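S.K.: Just need the structure, nothing else, for what follows:
(2 chains)
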Amino acid sequence: MTRLVQSEWTKLLTTRVWIGLLAGACLLGGGFAALLTAFAGDPSSGLPPVGTAAFAKLAFAVAANGTVLTLVLGVIGMTQEYRHRTATPTFLASPHRGRVVAAKLVAYALAAVPFAVIVCAVTVLVVVVYGGARGAVPSFSADNLAVLARAGLAMVVYAVIGVGLGALLRNQVGAIVGALVYLYVIEPIISNIPTTAGAYRWLPGGALQAMTATTAGPDVLGAGQGALLLLGYGLLAALLGTLLAVRRDVV
Amino acid sequence: MRVEIRGLTKTFGHVRAVDDLSFTVEPGQVTGFLGPNGAGKTTTLRMALGLVAPDRGTTTFNGTPYAGLPDPMRRVGAVLETAFHPARSGRNHLRVYCRAAGLPVSRADEVLDQVGLGPAGRRRAGGYSMGMRQRLGLATALLGDPAVLVLDEPANGLDPEGIQWLRGFLRHLAHEQGRTVLVSSHLLAEVDQTADRVVIVAAGSLVREGSLEHLRSGADAEGGGTVLVRSPQSVRLAELLGGDGVAVEAAGADTLIVSGLTTAELGRLAFAEGVELHELRARTSGLEEVYFRLTAGQEQFAAAGPDEAAPSPSREVAS
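M.R.: You can find the predicted model right below:
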C-alpha cells in the first residue's frame, strides 16, 4: 500500500498539472483576500473595517475557495488513468483495483495538505501585507487560526471527494464539468427554493458552508459535522466507483 | 513459468469474442499467438492478465491466476498497448511503476538502456515515435525482470531495423534466459522467424496449435502442393493429363497448374508423349498460405474483393 501511495505521488509530481492548480488556488485565495481588503470598511460594501475580528475571519476564510481546485486535482488524479489509458499498466502492477483507489485517496489527501498550507499562507500574506498597508494587521487569535485551519481541512477533504468522483465517473471532462455545474448552478438553486432549502445543509455545498462560514447564514451543520459529512461523500463515491466503475473491464 | 489458458470465453454484446479457448505456453520458447484482426487475441491476453473478466475459463501462471501472484510485475511483464501520459517523460513513466512494484528506481535507467531508449528517456513520452512507444512499453514490461513476457502486436510501428532487433531480443529472452514469451500478431511473417510454436485463432476459437515445422509439413500432407508446368503445347498437355484424381487449371497462355501428380510423373508423361516443356516445378504451399486458408473468411470486418466491390470509379479496395 505504501508503494502504491508513493507511485501516486510520483505520478502527481512528474506532470505539471499540480503547478497550474496550485497557482490557480493561490490566485483565488489571494485575489479574494485582496478584494475583501480593498473594500473593507467601505459602507457601500457592507464589509467590516480592517483590524476588526470579523474582518480577519472573513478574509482568512476565502482560502476555502481553493476547494474547487483540490477537487479538480483529485478528479484528474483518478481519471487520468482512463484518459491516457495508463489504467492498463497501473492495474497490471496492482491487480487489486480497490487498493489502487484506496492508495489514490490517501495519496491525494496527504498531497492536499501542503497544497492547502500554501494556499492559506498566500491568503494570509495578502491580508497581512495589504491590510497592514491599509492600517491594521489582523490578529492571529485562536478563533482566526481555526477559520484558517477549517479552510485548509476543507481543501484536503475536497481532494478526497475529487478522487471518489473520478472513480465513479471515469470521464475526466465529464467529472470536472459535472462537479462545477453541480456546485455553482444546481446547489444554489436547491438552497434558494424554499421547499428544498432544508436539504441544503446535508449537501456537499452546505457541508462546506458549515466548515467555512464565518457569518450567520442559512441553517447549516456544525463545522466538525460538515467535515465528516463531506468526507463521507468522498468515501462513498470512491466505494461506489470501485464497485461499479473501476472494476469494469479495461479494454 | 508455464502459462495455462483453459476454456476462456468472453461475449461482448452479441459478439462472441473468445470462444472456449485453451492452450499452454511453455518456458524457453517463443510462442506466436496468431490470428486475423478481430480474432480475439487482445481480449484473450487481457483476460489472462485480469484486465477483462472472462465469462468463463481461467488463466494460470504456474498454477496461480494473475491477481493471486505476489508482486505480479516481477513474475509477468506485459506490453498491451502503447499508452502513456503524454506530459510525463519515459524515464518518469518507468519510475512510477518501479515505485508501484517496490523496485529500485535505478531499474528505470537499466531497462531504458536495454531497449535502446536511453538518450530519449528524459523527453516527454508524448513526443515519441510509434517505435519508441513500443520500446517504452517493452521497457515497462521488463522492469520487474519477469519470467513471463506477454506482448500484444509489439512489431506495430517498428521500422524494419526495430523488428529485426525485437526478434533477436525475444529469442534471446526465451532461448538463452529460459523465459516464457507469448507474442501476438496478425501477420505470420512477423512471427515466422521468431516463434518456435504458434497458436492460431480465428473468430475467437483455436484453429491450430503446434510447432512451425509441424505446421509446414502438415501443410503439404493436406494436399496443398501443386505442380506448375509451362509448355507451348499446353492445350494438348492438358488433354493428356486429364484423368482420375488429377485436376488441371490453365493459368495463362502457356501455363498449367496441376494437382494430383508429382513433377516426376508429369515429366515422364510429357517425355513419353513428346510434349515440349519450358518449365516444371512443384509449388509447395507456404506457411503463409496455410495460415491464410486456416483463417480465411474469419475476418470480422472482411473487405469485399476487387471484383465484388461496388462499381464506383474512385473507390479504393483493400486487397
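S.K.: residues in contact with residue 6?
M.R.: All of this is about chain A. Counting by CB atoms under 8 Å, 6 or more residues apart in numbering or on different chains, A:Gln6 touches B:Arg99. Yep, even glycine has a C-beta here, placed from its N, CA and C like the rest.
S.K.: try again with chain B
M.R.: By CB under 8 Å, 6+ apart, the residues touching B:Arg6 are B:Ser22, B:Gly57, B:Thr58, B:Thr59, B:Thr60.
S.K.: pLDDT, neighbour count and distance to A:Leu145 added to the residues you listed, as TSV?
M.R.: Formatted as TSV, the contacts of B:Arg6 follow (pLDDT from 0 to 100; neighbours: other CB atoms under 10 Å in any protein chain shown; distance: CB to CB, whole Å):
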residue	pLDDT	neighbour count	distance to A:Leu145
B:Ser22	96	14	67
B:Gly57	96	18	60
B:Thr58	97	14	58
B:Thr59	97	21	57
B:Thr60	97	17	58
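S.K.: among those, which are in strands?
M.R.: Using DSSP state E, the subset of these located in strands is B:Ser22, B:Gly57, B:Thr58, B:Thr59, B:Thr60.
S.K.: what about the longest helix in chain A?
M.R.: In chain A, taking DSSP state H as the definition, the longest helix is helix A:97-133.
S.K.: ok, is the helix or strand just after it in contact with chain B or not?
M.R.: Once the chain leaves helix A:97-133, the next helix or strand it forms, by DSSP states H and E, is helix A:142-169. No: applying CB under 8 Å from any CB of the partner chain, one finds helix A:142-169 separated from chain B by no less than 14.9 Å.
S.K.: residue contacts, B:Ala202?
M.R.: B:Gly35, B:Pro36, B:Ala39, B:Leu294, B:Thr295, B:Gln298.
S.K.: quick one on the thing from earlier: between the contacts of B:Arg6, which sits nearest A:Ile118?
M.R.: B:Thr59 (47.4 Å; CB to CB).
S.K.: For the spatially closest residue to that closest one that is not a sequence neighbour, the count of nearby residues, please.
M.R.: Excluding the flanking residues, the one nearest B:Thr59 by CB to CB, 6 or more residues apart in numbering or on different chains is B:Ala48, at 4.0 Å. Applying other CB atoms under 10 Å in any protein chain shown, we find 27 residues neighbouring B:Ala48.
S.K.: What parts of chain B come near chain A?
M.R.: Close to chain A, as judged by CB under 8 Å from any CB, chain B has residues B:43, B:46, B:49-53, B:66-67, B:69, B:72-73, B:76, B:78, B:80-81, B:83-89, B:92-93, B:95-97, B:99-102, B:140.
S.K.: Can you flag which of those residues belong to strands?
M.R.: Among those, DSSP E puts B:Val76, B:Ala78 in strands.
S.K.: Export the contacts of B:Arg6 to a markdown table and append columns for distance to A:Pro188.
M.R.: Formatted as a markdown table, these follow (distance: CB to CB, whole Å):
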| residue | distance to A:Pro188 |
| --- | --- |
| B:Ser22 | 59 |
| B:Gly57 | 52 |
| B:Thr58 | 53 |
| B:Thr59 | 52 |
| B:Thr60 | 55 |
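S.K.: Show me which of those is closest to A:Gly152.
M.R.: Using CB to CB, the contacts of B:Arg6 come closest to A:Gly152 at B:Thr59, 47.5 Å.
S.K.: Is chain B within reach of stretch A:238-251?
M.R.: Yes: judged by CB under 8 Å from any CB, stretch A:238-251 comes into contact with chain B at A:Asp249, A:Val250, A:Val251.
S.K.: What's the end-to-end length of that stretch?
M.R.: Counting by CA to CA, to the nearest Å, you get 21 Å between the two ends of stretch A:238-251.
S.K.: pLDDT on it, on average?
M.R.: Stretch A:238-251 carries an average pLDDT of 90.
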